[in-house]
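**Student:** Just to be clear, the model below is a prediction. Sequence and coordinates:
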Amino acid sequence: MFLRTVSAALLFSTAVPALAANSAPQPVPIVDTIPPARDVAYPGTMVLKVDATDLDRNIFTVQQTIPVASAGHMVLLFPKWLPGNHSASGQLDKLANLVIKAGSKTLVWKRDPVDVFAYHIDVPAGTKVLDLSFLFLSATAADQGRIVVTREMMNVQFNSMSLYPAGYFTRRIPVSATVTYPKGWQAATALRPRSTNGDTVTYETTNYEVLVDSPVFAGKYSRKDDLGHGVTLNTFGDTPAEIKITDPVLGYHRNLVDQSLKLFGARHFDHYDFLYAVSDQLGGIGLEHHRSTEIRSGLGFHTDWAASLPSHNTVAHEFVHSWNGKFRRPADLWTPDYRMPMRGSLLWVYEGQTQFWGYVLEARSGLSSKQDVLDKLASIAATLDTRPARSWRSLDDTTNDPIISQRRPKGWLSNQRSEDYYNEGMLIWTEADAIIRQGTNGTKGMDDFAKAFFGINDGDWGQVTYTFDDVVTTLKTVYPYDWNKFLTDRTTEKAKGAPLAGFERSGYKLVYTDTPTNAFSRAMKSAKNLDLSFSVGFTIAKAKITLVQWDGPAFKAGLTVGQEIIAVNGVPYTEEALKAAITAAKGGTAPIRLTVKTETLVRDVNIDWNGGLRFPRFEKAAGAPDGPLDRLLAPR
């Protein structure tokens, strides 16, 4: 037995050769040769000259001089992590024709192998100034990125048209900027001109942080309106008709400024400029800055105020950011330069509380009626309340979404989540207000938090950072409560249904009816779609499905985004035919039959839904007294 075992082992060992070890390399070490930012003054003032006159090809031509203190190795950076975008979104791909000279000598630049936004150069002995030239090739079609130049207007963002030296806090780098605009155009920015020569404007010397935070809108058709308190509304339009603003609409904007200052009790800007484009050509934007904001709305924003209802909140939201997000900023989101990664753990405060105050001020100022604001909030509440992704992904994790998805479209939004820290954050702060008001018998609310947290250092337009503990501590000074647990629970819970207690404490109940509210109807008209998310479970535009609710009736029937509906119960598709079929099926047992086209495949799909049309709204018992939410939305 032993001999047989040994013989078998020998036979096996000779039949199967020993396995040779596979090749196994070791990693090449990553050596960071880019100097970290230091809080020291940069030796000299950069000069930036932008030629923005090419309206045929949307090309910006840039000349830049950068003083240097000594010879040797130097690194120049293109802005990468951009404030307000919450991600590494600098448009490096559009920088072209970069040439760097020291006097008459053209220097060799080498892109950093790890951080491709960095350029290494060797500065020759005796060099005092570097001369840079390059182009910014802005998008000429929507599939290349956001359109920033049209025949009637443009958006100049200095972060796309400049480099800066590594090794310094951007606030310590002086810069003087000059822009040449198309003939006869007017420009608006938070920067103030030092001199003007024809269509060339030289702005007062500032620091690079302020420059990047001070974009320009310029255009052929524009107007300026004083809103008081140092705030100006600068409006640009595709046509002269688009910049007409009625006195009532101007009054709402002035009310916004008044109500905001009453709310926060301090002003964190020396002056403020709304930069507003009314256009169907310029790319969409709603981006906050400390002393200005960039907003683009579709045609008719001012001239058809009722129809532009879905966009009214943007004005209030971006203005609030001057206090929340720019002056008070999360400590892990603030960075000394545009290379250091931003961390968004407190975006549910930065954006969520801004969303909260934006809707409050929209109502208080009259930008929208209280009822329209309530109806907007009902739509938000319903969307989150029916979002299955809440059961597996907590709110705090959505603060990573700007980095994870870079705001790309999602096929299954309701089961993926997006940047829900905006709207779900708003629900949390609505509940916090109700807790405070009920706990203090109406003597205090989130207004008191706003004054204590954002209303410090009147006139200061630097930055004061905050942490989670700072938020909790300030809330406790307003009303003693276990705010740490409340905020931790709300931001980390994985629950079915949205946190709606802020509305319920005020007597409001989320219900569904077969008729959309005015706000819901206006939103559908603006988006040019039919939103049936709360009934059959999809949204459709021009016969094509644009959103499918995860685990809803349409999902269970096998429908997905991009499919085209050809017919409804054998009748050619129209929105009215679809709504009629949903209404007719209510209370019965028969399915709704859709004829659907997917590429070349045409098939019939049965949707089992007999609940009729459903659109969200808040309902309150007749004669019920005003609750915390009613008092919150009332003007001051």
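**Tutor:** Right, received. Where do you want to start? Numbers count the residues shown, from 1 in each chain.
**Student:** Chain neighbours aside, what residue packs nearest to residue 86?
**Tutor:** Closest residue to residue 86 in three dimensions, ignoring its sequence neighbours and counting by Cβ to Cβ, 6 or more residues apart in numbering: residue 402, at 3.9 Å. Backbone N, C-alpha and C define where each C-beta goes, glycine included.
**Student:** how many neighbours does the one you found have?
**Tutor:** Here the count is done by other Cβ atoms under 10 Å, and residue 402 has 21 residues near it.
**Student:** was I right about residue 616 contacting residue 379?
**Tutor:** Yes - under the contact definition of Cβ atoms under 8 Å, residue 616 touches residue 379, with a separation of 5.7 Å.
**Student:** Find the residues that touch each one of the two.
**Tutor:** Between them, residue 616 and residue 379 have 517, 520 as joint contacts when contacts are counted by Cβ atoms under 8 Å, 6 or more residues apart in numbering.
**Student:** on that earlier part again, now the helix or strand containing the residue nearest to residue 86: how far from the chain's centre is it?
**Tutor:** Taking DSSP states H and E as the definition, residue 402 sits inside helix 401-404. When C-alpha coordinates are averaged (Cα atoms, centre = their mean, to the nearest Å), helix 401-404 and its chain have centres 11 Å apart.
**Student:** So for residue 70, what pLDDT did the model give?
**Tutor:** According to the model's per-residue confidence, residue 70 sits at a pLDDT of 92.
**Student:** How about the contacts made by it?
**Tutor:** With contacts defined as Cβ under 8 Å, 6+ apart, the neighbours of residue 70 are residue 123.
**Student:** Assign a three-state SS to it, would you?
**Tutor:** The three-state label for residue 70, taken from DSSP: H, G, I helix; E, B strand; the rest coil, comes out as coil.
**Student:** Can you give me the distance of it to residue 168?
**Tutor:** When distance is defined by Cβ to Cβ, to the nearest Å, residue 70 is 14 Å away from residue 168.
**Student:** quick one: contacts of stretch 55-65?
**Tutor:** With contacts defined as Cβ under 8 Å, 6+ apart, stretch 55-65 is touched by 46-52, 54, 129-140, 147-151, 156, 160-163, 182.
**Student:** go with 7 Å
**Tutor:** By Cβ atoms under 7 Å, 6 or more residues apart in numbering, the surrounding residues in contact with stretch 55-65 are 46-52, 129-140, 149, 151, 161-163, 182.
**Student:** mind listing what's buried in it?
**Tutor:** Within stretch 55-65, the residues that count as buried by 16 or more other Cβ atoms under 10 Å are 58-62, 64-65.
**Student:** average model confidence for that stretch?
**Tutor:** Mean predicted confidence for stretch 55-65 is 98.
**Student:** pLDDT averaged over the helix holding residue 402, what's the number?
**Tutor:** This predicted structure assigns helix 401-404 an average pLDDT of 95.
**Student:** any idea which helix or strand comes after that helix?
**Tutor:** Heading C-terminal from helix 401-404, the first helix or strand you meet, by DSSP H and E, is helix 413-416.
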